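Asker: Got a predicted structure plus its sequence, pasted below:
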Amino acid sequence: MLETHSLTASYGQFKALFGIDLTIGAGECVAIIGANGAGKSTLMRSISGVLKNAPGMVVHKGTPIGDLPADAVLQRGIAMVPEGRKLFPSLSVEENLLIGGQIRRGDGRWTLETVYDLFPILKERRLSPATALSGGQQQMVAIGRALMSNPELLLCDEISLGLAPVVIRDIYAALPRIRETGAAVVIVEQDITRALAVADRVYCLMEGRVTLTGPTASITRDAVHAAYFGDAA
Amino acid sequence: MIWLDTIVQGLLLGGLYALFAAGLSLVFGIMRLVNLAHGDLIVLAAFIVLVVVEATGLNPFLSALIAAPALFAFGWALQWFVFNRVLGKDILPPLLVTFGLSIALQNGMLEVFSADSQRIPAGPLESASVDLGAVTVGIMPLLTFASAVAVIFALNQIFYRTALGRAFRATSDDPVTASLMGINPRSVFAMATGLAMVIVTIAALYLGMRSNFDPSIGPARLIFAFEAVIIGGLGSLWGTLVGGAIIGVAQTVGAQINPEWQILAGHLAFLAVLLVRPRGLFPRAVD
Ligand SMILES: Nc1ncnc2c1ncn2[C@@H]1O[C@H](COP(=O)(O)OP(=O)(O)OP(=O)(O)O)[C@@H](O)[C@H]1O
Ligand SMILES: [Mg+2]
């Protein structure tokens, strides 16, 4: 459904990605792992249109979209939960969700009701300013906000970062219900064990290149270790 | 009694300054753009309302209603084709562009409308007044103040009760993340400047009916507007009304003591507030 072809990205003079080839099938769950600074978030930003590329570097259902702005990418059904959550501090929890649903595609499953059903605590806090919530609750808002557009592809950048293990468990518990809708999910995750547990396939990035890819079932810990740290240590 | 009268007149005058300031405040709040041509845009709108009055023979209020959509479109295009190109991390280019626009507008208006001072004819309304017991107030100042309250109330409704307002606030918080929500920040900015020009039209209507105007008076209106916004606290619309009222009262009180002190007293009040509350009276929590 989505492919990148020799995707490159740079920040000024600094090259962050060197020719990434990635495919995501409909309904698939793909994990992207890699050390700090490997280029995971840069890859997410390139797909979601925050960073622009040559058109053919990102192809969605046969259409080159590498040069589209983020709002046009969202309209094609690709939503992102950005790194650091990036909730709107001037908006309440409910308004953050509503703004995610400002562009709705068809009559998909996700509405305020179903998001509150997925994360009941948000209903209780619906009128609070979004940034008054705990980290875990804020992450739920960020996920709910992205779901509100009924995406076919959901990009999640580090949804467990900085959260307590019980909270991470709650958030990951939502993943099967998100996938039930048929949406493909990409998770960027530092926690390798968790990533391998939930994903169908995995890509490991190091210094802007893919160092390992394959179905999670076929991948050994040693191979991941080597790909992650760059040596066979 | 003379002092009560002075203060009431000052408060009502503050309504005019709040009208000058509301558009400036709106644009600054959403895109952190200080539009140095704001005063000249008010004068331009006053000329346009005058042209409509003269061409159609309609009363000034209806004429402003006719002019407003055109000025909305003008503001939208100004943002889309000019300001959007220079907005970015560096705050200097937009300042320079609006400064250039200010000069261009003044010279353009001088060419088209000449340096003669003009007035939008308001008929008997100009001198009508009502007796409120303790004080007698002019209908025109009263209407101005009521319009300022109505404009600010309406803006607040738009901000906090509509999808457009939600998009305004989200884009103001973080344009990049807003674009991930399917919002095009450039078109949100264009809507905001269009809306600001509608408010400018209302401000221009009262400016033109209450006093003479000519192409050169824009920068002084900008200063009053700017002071009202800063006193109120950047981003607070009701604060802008309070800011306008403070400048208005300071001016009428100053003038009561010595007619030459009117303008100076307003500026002194501005300085005094800044000394005590550098972020204004009602600063926004975030920023
Ligand atoms: N806005 C930016 N300007 C300049 N360089 C950047 C910028 N963002 C990221 N980089 C650099 O690009 C490289 C890749 O960064 P990226 O954020 O994509 O990594 P990451 O894999 O997401 O890391 P993390 O696990 O820390 O989130 C890093 O070397 C980083 O320093
Ligand atoms: Mg990252």
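Answerer: Nice, I can see it. Ligands and ions are numbered 1, 2, ... in the order given.
Asker: Helix, strand, or coil at A:Tyr203?
Answerer: strand (DSSP: H, G, I helix; E, B strand; the rest coil).
Asker: Skipping its backbone neighbours, what lies nearest it in space?
Answerer: Among residues not flanking A:Tyr203 along the chain, A:Thr213 sits closest, at 4.7 Å (Cβ to Cβ, 6 or more residues apart in numbering or on different chains). C-beta: built from backbone N, CA, C; applies to glycine.
Asker: Could you report the separation of that neighbour from A:Gly25?
Answerer: A:Thr213 sits 13 Å away from A:Gly25, going by Cβ to Cβ, to the nearest Å.
Asker: Which one of those two is surrounded by more residues?
Answerer: Ranked by neighbour count (other Cβ atoms under 10 Å in any protein chain shown), A:Thr213 and A:Gly25 place A:Thr213 first, with 17 against 13.
Asker: where does chain A dip in pLDDT?
Answerer: A:231-233 (pLDDT under 70).
Asker: Might you enumerate the residues of it proximal to chain B?
Answerer: Residues of chain A found near chain B (Cβ under 8 Å from any Cβ of the partner chain) are A:48-50, A:69-71, A:74-75, A:79-80, A:82, A:86, A:88-91, A:95, A:98-100, A:102-103, A:145, A:149.
Asker: ok, back up a step: the residue nearest to A:Tyr203: what secondary structure?
Answerer: Counting by three-state DSSP, the backbone at A:Thr213 sits in strand.
Asker: what does the stretch 51-200 of chain B have sitting close to ligand 1?
Answerer: Residues of the stretch 51-200 of chain B found near ligand 1 (Cβ under 6 Å from any ligand atom): none.
Asker: Next, please give the residue ranges for the strands of the stretch 51-200 of chain B.
Answerer: Applying DSSP state E, counting those that start in this stretch to the stretch 51-200 of chain B gives strands spanning B:129-131, B:136-138.
Asker: contacting residues around the closest residue to B:Val53 other than its chain neighbours?
Answerer: Leaving aside its sequence neighbours, B:Val53 sits nearest to B:Ser63 (Cβ to Cβ, 6+ apart; 4.6 Å). B:Ser63 sits next to B:Val49, B:Val52, B:Val53, B:Thr56 when contact means Cβ atoms under 8 Å, 6 or more residues apart in numbering or on different chains.
Asker: If you go by neighbour count, which of these are buried?
Answerer: Among the contacts of B:Ser63, those scoring as buried are B:Val49, B:Val52, B:Val53 (criterion: 16 or more other Cβ atoms under 10 Å in any protein chain shown).
Asker: Make CSV out of these and add pLDDT.
Answerer: Supplementary listing: these in CSV, determined by pLDDT from 0 to 100:
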residue, pLDDT
B:Val49, 98
B:Val52, 97
B:Val53, 97
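Asker: Mind checking which of those land in helices?
Answerer: B:Val49, B:Val52, B:Val53 (DSSP state H).
Asker: Pick out whichever of those sits closest to ligand 2.
Answerer: Among those, B:Val49 lies closest to ligand 2 (Cβ to the ion), at 53.6 Å.
Asker: And the helix or strand containing A:Leu43, what does it pack against?
Answerer: Secondary-structure element containing A:Leu43, defined by DSSP states H and E: helix A:40-48. On a contact count with 3 or more Cβ pairs under 8 Å, 6 or more residues apart in numbering or on different chains; DSSP states H and E, helix A:40-48 meets strand A:2-11, strand A:14-24, strand A:29-34, helix A:70-75, strand A:78-81, strand A:153-157, strand A:184-188.
Asker: which of the buried ones among the contacts of B:Ser63 lies closest to B:Leu13?
Answerer: Proximity of the buried ones among the contacts of B:Ser63 to B:Leu13 was ranked by Cβ to Cβ; the top entry is B:Val49 with 20.4 Å.
Asker: So the closest one is in contact with B:Leu62, correct?
Answerer: No: in this structure, B:Val49 is not within contact of B:Leu62 by Cβ atoms under 8 Å, at 10.1 Å.
Asker: which residues does whatever residue of chain B ends up closest to ligand 1 contact?
Answerer: Nearest residue of chain B to ligand 1, counting by Cβ to the nearest ligand atom: B:Val176, 10.7 Å away. Residues in contact with B:Val176, defined by Cβ under 8 Å, 6+ apart, are A:Val50, A:Ala70.
Asker: shouldn't B:Val249 be in contact with B:Ile7?
Answerer: Yes: using Cβ under 8 Å, B:Val249 makes contact with B:Ile7 at a distance of 5.7 Å.
Asker: returning to what we had before: for chain A, see how far away the residue nearest to B:Val53 is.
Answerer: 36 Å (Cβ to the nearest Cβ, to the nearest Å).
Asker: What does the pLDDT read for that residue?
Answerer: We have a pLDDT of 97 for B:Ser63.
Asker: The one 4 residues further on now?
Answerer: Taken from the predicted model, the pLDDT recorded for B:Ala67 is 97.
Asker: ok, B:Leu24 touching B:Leu41?
Answerer: No: counting by Cβ under 8 Å, B:Leu24 sits too far from B:Leu41 to count as a contact (9.7 Å).
Asker: Alright, calling it a day.
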